[in-house]
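> no sequence for this one, just the structure:
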């Protein structure tokens, strides 16, 4: 083996260093890597797919089905739990207590059969649909009967705000039921069950509408009964539809029948149920959206066009029950000329969303003898909690202003009295004559004589000495104070 000479070793090291420098220079001269928009979009979609994947912590279809089927069952303890929960909710509605109503909704087992109907429709299990619908109907019957008995026996018959809130469904109730149902079935299909199911029961408010329906029966107020039952139907339908959609989206295995004729019959019944469930929900959603848009547009129109210097809108009501939508506006103050009202009606016809509606304007003029009875009744009917609260705040502000004025006047009275009676000058003169005076004050006060029933104003002088004072000094001090204050009646109090 030949040893490498020092010269050759030095040349090899120099060549290696030159190659490394060339490679580094070439790397620095490479253009920066350009990120294409397509690649960014693909990565973003992959990120979203990973974050929104429903397969994480997903239970098997059999586990989810068993979980929902257990909630469908309604016998034994569940019956008594429902009855007690209805009583609690009815008391909460009667007392206008939101916390009590929420507690009752947490206890209620109503969610089980509703989700069971959606699951049965999603997996073609007609037997599950029938059992869930039967149990739900029995639950509704018990709930309404229990609340009817309570409100029939309750001494409080006035409808509180918690009751009234369950009689007029809006588009927001549809959205709450839809997204609440989606949250409920997604949470129910996880291995680890969360508190989403009780949350859905609270958000969708299944129990309070049934209690309100019982209140309507007990008091023979059918508007409350049908309005509350309408809200319960909305919640039930959309929760079932949400469960059906998620079950089909997760591709749960559908029930297969050995008999082709029976399989076809079951599929037809399932399809009929889905159609019957979905079509009313679409119709309900359409009507609620239309009514909500009309009410909002009517409110904006009234706010923008009924602005007068000497008249004020005291109430605006939208009535959609009849064939023709009606907007009723009540004004108070100076009467508005008929021509002005006609111009407003003509302007309303130009609004596409309000075209075809009837505008009714009621005016109540303030006369010398006060408001006419019709206006007073209208004001009473349309007086809401916001107006009462506004009046309370105004009265509170007036009382606070009066208290501040009283305090200011009291301070002013004290200041004026101090100016009328030069207590400081008299005090210094008194100390110059009597070096043993410790405290001194003068004041005018009314004195009531019980025998003569006469009220006089008397000057009182209070003097406190360090030590005893002779009677002669007392008399001399009293005479001097009477002359100094120029007061005819003065009473000296010594201590």
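Great, that's in hand. This is a predicted model, so every value here is computed, not measured. Numbers count the residues shown, from 1 in each chain.
> show me where the stretch 1-150 of the chain has its helices.
6-28, 37-51, 61-72, 77-95, 98-107, 111-122, 126-153 (DSSP state H, counting those that start in this stretch).
> typo on my end, the stretch 201-350 of the chain
Going by DSSP H, counting those that start in this stretch, the stretch 201-350 of the chain shows helices at 207-218, 222-249, 260-305, 338-349.
> mind checking how far the closest residue to residue 469 other than its chain neighbours is from residue 344?
Nearest non-adjacent residue to residue 469, counting by C-beta to C-beta, 6 or more residues apart in numbering: residue 494, 6.4 Å away. In short, each C-beta sits where N, CA and C put it, glycine included. Between residue 494 and residue 344 the computed distance is 81 Å (C-beta to C-beta, to the nearest Å).
> the two: which is more packed in?
Set side by side, residue 494 and residue 344 show more neighbours around residue 344, with 17 against 14, by other C-beta atoms under 10 Å.
> give me the neighbour count for the closest residue in space to the more buried one that isn't next to it in sequence.
Excluding its sequence neighbours, the residue lying closest to residue 344 (C-beta to C-beta, 6+ apart) is residue 305, at 5.2 Å. Residue 305 has 16 neighbours, counted by other C-beta under 10 Å.
> quick one: contacts for residue 305?
If a contact means C-beta atoms under 8 Å, 6 or more residues apart in numbering, then residue 305 has 344, 347, 348 as its contacts.
> looking at these, which is nearest residue 124?
For those, the closest approach to residue 124 (C-beta to C-beta) belongs to residue 348, at 51.9 Å.
> settle this for me: the closest one is touching residue 301, isn't it.
Yes - between residue 348 and residue 301 there is a contact under C-beta atoms under 8 Å: 6.3 Å.
> what sits in contact with each of these two?
What both residue 348 and residue 301 touch, as defined by C-beta under 8 Å, 6+ apart, is the set 327, 354.
> sheet-wise, list the partners of the helix or strand containing residue 439 with their directions.
Using DSSP states H and E, residue 439 maps to strand 437-449. Under the criterion DSSP bridges, strand 437-449 sits next to strand 454-465 (antiparallel) in its sheet.
> would you mark the buried spots in the partner strand?
Neighbour-count burial for strand 454-465 flags 459, 461, 463, 465 (criterion: 16 or more other C-beta atoms under 10 Å).
> quick check, pLDDT for the last one.
Among the per-residue scores, residue 465 holds a pLDDT of 81.
> which residues touch residue 214?
Residue 214 neighbours (C-beta under 8 Å, 6+ apart): 86, 90, 143, 144, 145, 146, 147, 148, 149, 150, 151.
> which of those ranks first by neighbour count?
residue 90 (30 neighbours).
> comparing the helices of the stretch 201-350 of the chain, which yields the minimum mean pLDDT?
helix 260-305 (a mean of 77).
> that one to helix 111-122, inter-axis angle?
120 degrees (axes from the mean of the first three to the mean of the last three C-alpha atoms, to 10 degrees).
> average pLDDT for stretch 93-105, rounded please.
On average, stretch 93-105 scores 79.
> so which bits of stretch 214-228 are buried?
214, 215, 216, 217, 218, 219, 221, 224, 225, 227, 228.
> oh, that last question was meant for stretch 101-108, not what I typed.
Quick answer for stretch 101-108 (16+ other C-beta under 10 Å): 101, 102, 103, 104, 105, 107, 108.
> over to stretch 178-193?
178, 180, 181, 182, 183, 184, 185, 186, 187, 188, 189, 190.
> between those, which is nearest residue 289?
Nearest to residue 289 among the buried residues of stretch 178-193: residue 178, at 12.8 Å, using C-beta to C-beta.
> chain neighbours aside, what residue packs nearest to the closest one?
The nearest residue in space to residue 178 (C-beta to C-beta, 6+ apart) is residue 238, at 4.6 Å.
> surely the one you found touches residue 184?
No - contact criterion C-beta under 8 Å: residue 238 and residue 184 do not qualify, at 11.0 Å.
> circling back to that earlier point, now distance to residue 426 too, for the helices of the stretch 201-350 of the chain, in CSV please.
Output for the helices of the stretch 201-350 of the chain, formatted as CSV (distance: least, C-beta to C-beta, whole Å):
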stretch, distance to residue 426
helix 207-218, 76
helix 222-249, 78
helix 260-305, 67
helix 338-349, 71
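> most neighbours per residue, which of those helices?
helix 207-218 (a mean of 27; mean count of other C-beta atoms under 10 Å).
> and residue 96, how far from residue 208?
Residue 96 is 12 Å from residue 208, by C-beta to C-beta.
> what of residue 179?
Residue 179 is 19 Å from residue 208, by C-beta to C-beta.
> farthest-separated two in the buried residues of stretch 214-228?
Farthest apart among these by C-beta to C-beta are 218 and 227. That separation is 15.1 Å.
> show residues contacting stretch 348-355.
With C-beta under 8 Å, 6+ apart, stretch 348-355 has contacts from 293, 294, 297, 298, 301, 305, 325, 327, 357, 359.
> buried residues in it?
For stretch 348-355, the neighbour count (16+ other C-beta under 10 Å) marks 348, 354 as buried.
> ends of it, what's the gap?
Start-to-end span of stretch 348-355 (C-alpha to C-alpha, to the nearest Å) is 7 Å.
> before we move on, the earlier item: which of the contacts of residue 214 sits closest to residue 59?
Using C-beta to C-beta, these come closest to residue 59 at residue 143, 30.2 Å.
> distance to residue 259 for the contacts of residue 305 - can I get that in CSV?
As requested, the contacts of residue 305 are exported to CSV (distance: C-beta to C-beta, whole Å):
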residue, distance to residue 259
344, 69
347, 67
348, 63
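> measure residue 74 to residue 212 for me?
Per C-beta to C-beta, residue 74 is found 22 Å from residue 212.
> so which of the helices of the stretch 201-350 of the chain comes closest to residue 476?
helix 260-305 (80.5 Å).
> now that closest one, how far from the chain's geometric center?
Averaging C-alpha positions (C-alpha atoms, centre = their mean, to the nearest Å) puts helix 260-305 26 Å from its chain's average.
> just use 36 as the starting number from now, easier for me
All right, first residue 36 from here; so that's helix 295-340.
> contacts only, for the closest residue to residue 93 other than its chain neighbours.
In space, residue 93 comes closest to residue 224 once its chain neighbours are excluded; the distance is 6.1 Å by C-beta to C-beta, 6+ apart. Counting by C-beta under 8 Å, 6+ apart, residue 224 touches 89, 93, 94, 99, 281, 285.
> repeat that with 10 Å
Shown in contact with residue 224 (C-beta atoms under 10 Å, 6 or more residues apart in numbering): 89, 92-96, 98-100, 102-103, 278, 281-282, 285, 287.
> got it, and residue 238?
Here residue 238 is in contact with 140, 211, 212, 214, 215, 216, 218, 219, 231, 270 (C-beta under 10 Å, 6+ apart).
> did I read that right, the fourth one in a strand?
Same thing as residue 214. No - per DSSP: H, G, I helix; E, B strand; the rest coil, residue 214 lies outside any strand segment and is helix.
> would you mind splitting the chain into its domains for me?
96-326, 341-418, 456-529 (automatic domain parsing).
> let's have those in a markdown table, adding distance to residue 445.
A markdown table is the format used below for the domains of the chain (distance: least, C-beta to C-beta, whole Å):
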| stretch | distance to residue 445 |
| --- | --- |
| domain 96-326 | 42 |
| domain 341-418 | 36 |
| domain 456-529 | 14 |
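> go through those domains and name the closest to residue 434.
Of all these, domain 341-418 comes closest under C-beta to C-beta, at 21.5 Å.
> understood, closing this out.
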